[in-house]
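*Asks:* Task: produce atomic coordinates for the following.
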Amino acid sequence: MWRQVHGRFPEQLSSVLEVEGFTKSSPELLWDPFANTELAYSSSGEGFVLYSVGPNMQKDESASDDHVWRWPGIE
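*Replies:* Have a look, this model is predicted:
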């Protein structure tokens, strides 16, 4: 939805709360329950990486306990 409105992915994950139709009262949707902070996010050109640090609470995407979502499969 953000990309449709702005033509790019947001620089910060919290920016998605500014899109009309997305409830600003639901920041918990962006929350990492392991780190007790906002999910880690980075955008790059036509894609992004969103991840939770996982049970070891380390920001190391290569660890087997991290939960990583890539769009569209960027490395």
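
*Asks:* going forward, measure contacts and count neighbours with C-alpha atoms only.
*Replies:* Will do.

*Asks:* measure residue 65 to residue 32 for me?
*Replies:* Between residue 65 and residue 32 the distance is 13 Å, computed by C-alpha to C-alpha, to the nearest Å.

*Asks:* Residues that sit against both of these two, list them.
*Replies:* residue 53 (C-alpha atoms under 8 Å, 6 or more residues apart in numbering).

*Asks:* Give the residue from the two that has the larger number of neighbours.
*Replies:* residue 32 (18 against 15; other C-alpha atoms under 10 Å).

*Asks:* per-residue pLDDT, that one?
*Replies:* Looking at residue 32, its pLDDT reads 90.

*Asks:* If we ignore the residues flanking it in sequence, what's nearest it?
*Replies:* residue 39 (4.8 Å; C-alpha to C-alpha, 6 or more residues apart in numbering).

*Asks:* ditto for residue 9
*Replies:* What sits nearest to residue 9 in space, not counting adjacent residues and going by C-alpha to C-alpha, 6+ apart, is residue 3, at 5.2 Å.

*Asks:* Check the contact between residue 68 and residue 50; I expect there is one.
*Replies:* Yes. Contact criterion C-alpha atoms under 8 Å: residue 68 and residue 50 qualify, at 6.0 Å.

*Asks:* Can you show me the strands along this structure?
*Replies:* In the chain, the strands defined using DSSP state E lie at 31-32, 37-38, 40-44, 47-52, 67-71.

*Asks:* what about the last one, distance to the chain center?
*Replies:* Relative to the chain's own centre, strand 67-71 is displaced by 8 Å; criterion: C-alpha atoms, centre = their mean, to the nearest Å.
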